[in-house]
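Participant: everything below, folded, please.
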Amino acid sequence: MTLPLPSDGTYGVGLLLGGSLTVLWRQRVALLRAAALPLALMLLQALFQDRAPLQAEPDDAAALDPARADGPWVTLLLAFVNLYAVAIFNVAWYRFLLGYGRPGLWPGLTRAQLRFLARMLLLILLPATPLLLLATSLPAPLLLLAALALIYLALRWSLVLPAAAVGVRLTFRQSWHATRGRALPLFLAPLFGSLVIGAFLSAPLLLLAGMFIDPGGGPPDPFAAFLLWLEFGLLALVTLAQGAAVLAIAVVRLVPDPRNG
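Facilitator: Got it, this is the predicted structure:
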């Protein structure tokens, strides 16, 4: 299978940004297939949490009832479901980009998803834990510098994510060496990509949902509320897909053969 990634060009922001956006457009059908199940899981989570996008008006009495409030274990479980939905999407999308087959509408529970979820949580927790511990003791300028330093660490380790999705052994140390002097494009390409995606998708999606909203200022009907939720969920996944495409291009360019480790 020919990889749907750029085959030429010099590694840099231009290649990562242009290549990732081109992939999103050319492979939009595969992208929608990869997003189908994660969107369904997120919808079920929203309905279960009583923040349902199908609900036109919030139930104030229910919201104020402490018996209806989510307990810590329920909140933790729902957060895990949300993270797992992200893992399903990323694994399907990475595997497609790296030549491991087209996304299925129902991929099932796989080792690749669990492996990716574990790496994703580790990549989040390793930088975030010291930042949370320092948040109350550092002045704002130092806290900002600490946050930037931890983002830098996450970028240097980020190549473990596409590798984990396709079952290739790539350690944090190997990712660190592969991204030496090459981390800044991994930050700038998703940043600019999110701006481009927001500029091109936000306006038409909001315009479409606005067709079903009462111009008199009343609450949106259930269909309009659901449509807004679906559009923002899809926009978030497209933005996530662009960032994943950036890492997929990077791992192919910076690791000699990711499928051979």
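Participant: ok, now how distant is the closest residue to T110 other than its chain neighbours from A165?
Facilitator: Nearest residue to T110, sequence neighbours excluded (Cβ to Cβ, 6 or more residues apart in numbering): V91, at 7.2 Å. All C-beta spots, glycine's among them, are computed from the backbone N, C-alpha and C. Distance from V91 to A165, counting by Cβ to Cβ, to the nearest Å: 5 Å.
Participant: what do these two both touch?
Facilitator: Listed as contacting both V91 and A165 by Cβ atoms under 8 Å, 6 or more residues apart in numbering are A112, F116.
Participant: which residues touch A189?
Facilitator: V13, L16, L17, S20, V246 are the contacts of A189 under Cβ under 8 Å, 6+ apart.
Participant: redo the residues you listed as TSV? Include neighbour count.
Facilitator: TSV is the format used below for the contacts of A189 (neighbours: other Cβ atoms under 10 Å):
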residue	neighbour count
V13	16
L16	29
L17	22
S20	27
V246	27
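Participant: spatially, which two of these are the most separated?
Facilitator: Spatially, the most separated pair among the contacts of A189 is V13 and S20, at 10.7 Å (Cβ to Cβ).
Participant: low-confidence bits of this protein, can you list those?
Facilitator: By pLDDT under 70, the weakly predicted segments of the chain are 1-2, 48-71, 209-210, 212-221, 223-224, 257-261.
Participant: next, count neighbours for V238.
Facilitator: 20 (other Cβ atoms under 10 Å).
Participant: not counting sequence-adjacent ones, nearest residue to it?
Facilitator: That would be I197: by Cβ to Cβ, 6+ apart, it lies 5.7 Å from V238.
Participant: same question, L206
Facilitator: Per Cβ to Cβ, 6+ apart, closest to L206 is E231, 7.4 Å.
Participant: my guess is the residue nearest to T110 meets L109, correct?
Facilitator: No. Under the criterion of Cβ atoms under 8 Å, V91 is not in contact with L109, lying 11.0 Å apart.
Participant: show me which of these two is the more surrounded one.
Facilitator: V91 (30 against 9).
Participant: please report phi then psi for that one.
Facilitator: phi -60, psi -50 (degrees, to the nearest 10).
Participant: equivalent analysis for the one 4 residues further on, please.
Facilitator: Dihedral pair for R95: phi -60, psi -40, per degrees, to the nearest 10.
Participant: for R253, see how far away it is.
Facilitator: Taking Cβ to Cβ as the measure, R95 falls 18 Å from R253.
Participant: of the two, give the one with the bigger neighbour count.
Facilitator: The residue with more neighbours, out of R95 and R253, is R95; 23 against 19, by other Cβ under 10 Å.
Participant: ok so, going back, tally of neighbours for the residue nearest to L206?
Facilitator: Count around E231 with other Cβ under 10 Å applied: 17.
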